[in-house]
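Chemist: Make a model of this:
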Amino acid sequence: MLKFAIIFIFLSPFLQAQNLDSLVNAKEYRWLYEQIIAEQSRQSLPAESFKSFRVHLLDTYQKFPKPADMVSKNLKSVKNIIGQITYASIIRKWYKYDVAKNSKNELVHNVRIHLKNPTPDDLISFNERLQMAENLWNAGRIQTNFKYSFKFEIVNNPAKAHFSVRIADSTRGPYDTVWGRDWPPNVIAHEVGHMLGLGDEYQTVSGQFDCLRTSMMCTAWSGQHLGHEYYFILRRLF
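Modeler: Sure thing, here's the model as predicted:
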């Protein structure tokens, strides 16, 4: 009995992800793919662009409005966002953040992170890089008829944080457990993307980049935030 219990525990994340994968048929959302993935990418890199698209369908939040309907009159009252993505292709992991209006009437997507074991230099360095990551997210925003922005901050109190992460000299994550001192701002922007509910577009097991290399969620070290990434976040406001 113990042997079977151990096997079940080992396979449980995989089975959960398989169930999550069955929630949606990517082919049924071809219409959405054609609206949010740039035509040039669809024509020149069809397999890569479809992979970058379909990864983000594997989300426990299963509402995919038409982009044309994502306008201010259809906004709903949202304060706390929480759900699960499929991480590393097989594991369900949480995303969490808050949404609130600021003095500029922007809907601020706020992620608060607690560092478990920081040195004084870590606090300075990560605050700076997190600010750069925030700037990357704000710089790439797609145009809407409502105002929105992103705010990422380090907090001292873990009870007020969405995520608590340990600092290591070098690591690949995961995003909600451990961060590396050697991560540049682009990588931090990618990892916070997971906290905002986006998945990895590349093959996490093999490391193969079978996705849009221009996308931040495909190539963290050199990619940029593309329109489809913002769509999959903003849709939760409707």
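Chemist: C-alpha only now, for contacts and for neighbours.
Modeler: Will do.
Chemist: where along this protein do the helices fall?
Modeler: 2-21, 30-36, 39-44, 46-54, 120-139, 185-195, 227-234 (DSSP state H).
Chemist: buried stuff in the second one?
Modeler: Looking back up the chat, that one is helix 30-36. Of the residues in helix 30-36, 32-33, 36 count as buried by neighbour count, 16 or more other C-alpha atoms under 10 Å.
Chemist: thinking again about what came up before, can you tell me which of the helices of the chain comes nearest to residue 107?
Modeler: helix 227-234 (10.0 Å; C-alpha to C-alpha).
Chemist: Give me the helices and strands touching that closest one, please.
Modeler: helix 30-36 (3 or more C-alpha pairs under 8 Å, 6 or more residues apart in numbering; DSSP states H and E).
Chemist: What lies in contact with the helix it packs on?
Modeler: 42, 50, 53, 66-67, 227-228, 231 (C-alpha atoms under 8 Å, 6 or more residues apart in numbering).
Chemist: now swap in stretch 176-191 and tell me
Modeler: Here stretch 176-191 has contacts from 122, 129-130, 132-134, 136-137, 163-173, 175, 195, 216-217, 220-223, using C-alpha under 8 Å, 6+ apart.
Chemist: Could you export that stretch as CSV, CA atoms only?
Modeler: The C-alpha trace of stretch 176-191 is given here as CSV (Å, rounded to 0.1, in the frame of the first residue of the first chain):
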residue,chain,number,x,y,z
ASP,A,176,7.8,30.7,-6.4
THR,A,177,10.5,29.1,-4.4
VAL,A,178,14.0,30.3,-5.1
TRP,A,179,15.6,33.3,-7.1
GLY,A,180,19.1,33.6,-8.3
ARG,A,181,21.5,36.4,-7.4
ASP,A,182,22.8,36.2,-11.0
TRP,A,183,19.4,36.8,-12.6
PRO,A,184,19.3,40.0,-14.8
PRO,A,185,16.2,42.1,-15.1
ASN,A,186,14.9,40.3,-18.1
VAL,A,187,14.9,36.9,-16.3
ILE,A,188,13.2,38.5,-13.3
ALA,A,189,10.6,39.9,-15.6
HIS,A,190,10.0,36.4,-17.0
GLU,A,191,9.7,34.9,-13.6
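Chemist: The closest residue to residue 88 other than its chain neighbours: neighbouring residues, count only.
Modeler: The shortest distance from residue 88 to any non-neighbouring residue, by C-alpha to C-alpha, 6 or more residues apart in numbering, is to residue 204 (5.2 Å). Counted with other C-alpha atoms under 10 Å, the neighbours of residue 204 add up to 13.
Chemist: circling back to that earlier point, with pLDDT and neighbour count added, can I get the contacts of helix 30-36 in a markdown table?
Modeler: Listed next are those as a markdown table, based on pLDDT from 0 to 100; neighbours: other C-alpha atoms under 10 Å:
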| residue | pLDDT | neighbour count |
| --- | --- | --- |
| 42 | 97 | 16 |
| 50 | 97 | 22 |
| 53 | 97 | 24 |
| 66 | 98 | 13 |
| 67 | 97 | 14 |
| 227 | 97 | 16 |
| 228 | 98 | 20 |
| 231 | 98 | 19 |
